[in-house]
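J.: Here's a sequence, model it:
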Amino acid sequence: MPFSVELLLLASTGAIAGALNVIGGGGSFLTLPVLLFIGLPAAIANGTNRVGVLAQNIGGLYGFHRHGAVDWKWSLAACVPALAGAALGVWLALALPNVAFKRTLSIAMLALTLWSLLSPGAGGQAKRAPTSAWHPGVVLGFFVVGVYGGFIQAGVGFIVLTVTTWAGLDMLRGNAAKLLTVLLVTVLSLAVFAASAQVDWPRGIALAIGNVIGSHYGVKLAIYKGDAWLQRAVTTTVVLFAIALWFQ
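T.: Okay, the predicted model is just below:
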């Protein structure tokens, strides 16, 4: 495949992933398999994918901050165990063989997609005061978030929202905490991948451009087509990608 066509494909996939992440999450379940299918080794695909994730989360967090929806004290405290877990997750990602990574990603894609479909409204409105970010359950939950985010990253938002919902955050602040957590975990993991020469920057920038554009138009797409339509289309695509990855 010509390099220019690859960049166009990645930007297009990034746009779809950006729209999906605005509506729900799991956009990396599309971008990571595409990076693998165009021939990037697992570690480089994993590192490159995070360039787009970083760009999208910077924009999203800025938007939440403008509307005063970020509980900075709670979210920054929750990020401490997440960053500790991310350091372990990145090490696992760099150490895992190529085939093993693809199999692991395939399982994670199917498991978290099923979780997102069956979950009874993660991030719903809180009915109580938020639990302290230093509560052992929250600390453990965000440590797991960090390990998974550093390792694969794809679908980590579903796990974050599960933890923030349990902790009593409403959907708005839960999503803001998700963006900040994923942003900081991505900064750490991307720095490690880059230092290990495991980032393809031209392809990563193409993804980032697509992610930013997609996140901007995601809301409009939800209005015209409905989020259920997009979720069904993406779920079907994710399942097909997961099966293909297992046998690749």
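
J.: pretty sure Asn98 contacts Ala42?
T.: Yes: in this structure Asn98 lies within contact range of Ala42 using CB atoms under 8 Å: 4.5 Å. For every residue, glycine as well, the C-beta is placed using N, CA and C.

J.: which of the two has more neighbours?
T.: For Asn98 versus Ala42, neighbours defined as other CB atoms under 10 Å are more numerous around Ala42 (22 against 14).

J.: Now for the more buried one: which residues touch it?
T.: Ala42 makes contacts with 36, 96-98, 101-102, as judged by CB atoms under 8 Å, 6 or more residues apart in numbering.

J.: next one: the helix or strand hosting Ala191 to chain centre, how far?
T.: If you go by DSSP states H and E, Ala191 is part of helix 171-195. Mean C-alpha position of helix 171-195 versus that of the full chain (CA atoms, centre = their mean, to the nearest Å) differs by 9 Å.

J.: For it, name the packing helices and strands.
T.: Applying 3 or more CB pairs under 8 Å, 6 or more residues apart in numbering; DSSP states H and E, one finds that helix 171-195 contacts helix 42-66, helix 72-95, helix 136-151, helix 156-166.

J.: Direction-wise, compare the longest one with helix 171-195 and give the angle.
T.: Taking axes from the mean of the first three to the mean of the last three CA atoms, to 10 degrees, one finds that helix 42-66 is oriented at 140 degrees with respect to helix 171-195.

J.: Give me the buried positions along helix 42-66.
T.: Neighbour counts over helix 42-66 (16 or more other CB atoms under 10 Å) mark 42-58, 60-61, 64 as buried.

J.: repeat for the shortest one
T.: Neighbour counts using 16+ other CB under 10 Å place 156-165 of helix 156-166 among the buried residues.

J.: Output these as TSV; include the columns pLDDT and distance to Ala87.
T.: Converted to TSV, those look like this (pLDDT from 0 to 100; distance: CB to CB, whole Å):
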residue	pLDDT	distance to Ala87
Val156	82	15
Gly157	79	20
Phe158	78	22
Ile159	83	17
Val160	86	18
Leu161	80	23
Thr162	82	22
Val163	88	19
Thr164	88	22
Thr165	84	26
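
J.: now for these, which pair is the farthest apart?
T.: Greatest spacing in the buried residues of helix 156-166, by CB to CB: Val156 and Thr165 (14.9 Å).

J.: which residues sit against stretch 46-54?
T.: Residues outside stretch 46-54 that contact it (CB under 8 Å, 6+ apart) are 14, 17-18, 28, 31-32, 35, 40, 93, 101, 152-154, 182-183, 186-187, 189-190, 193-194, 196, 198-201, 203-205, 207-208, 210-211.
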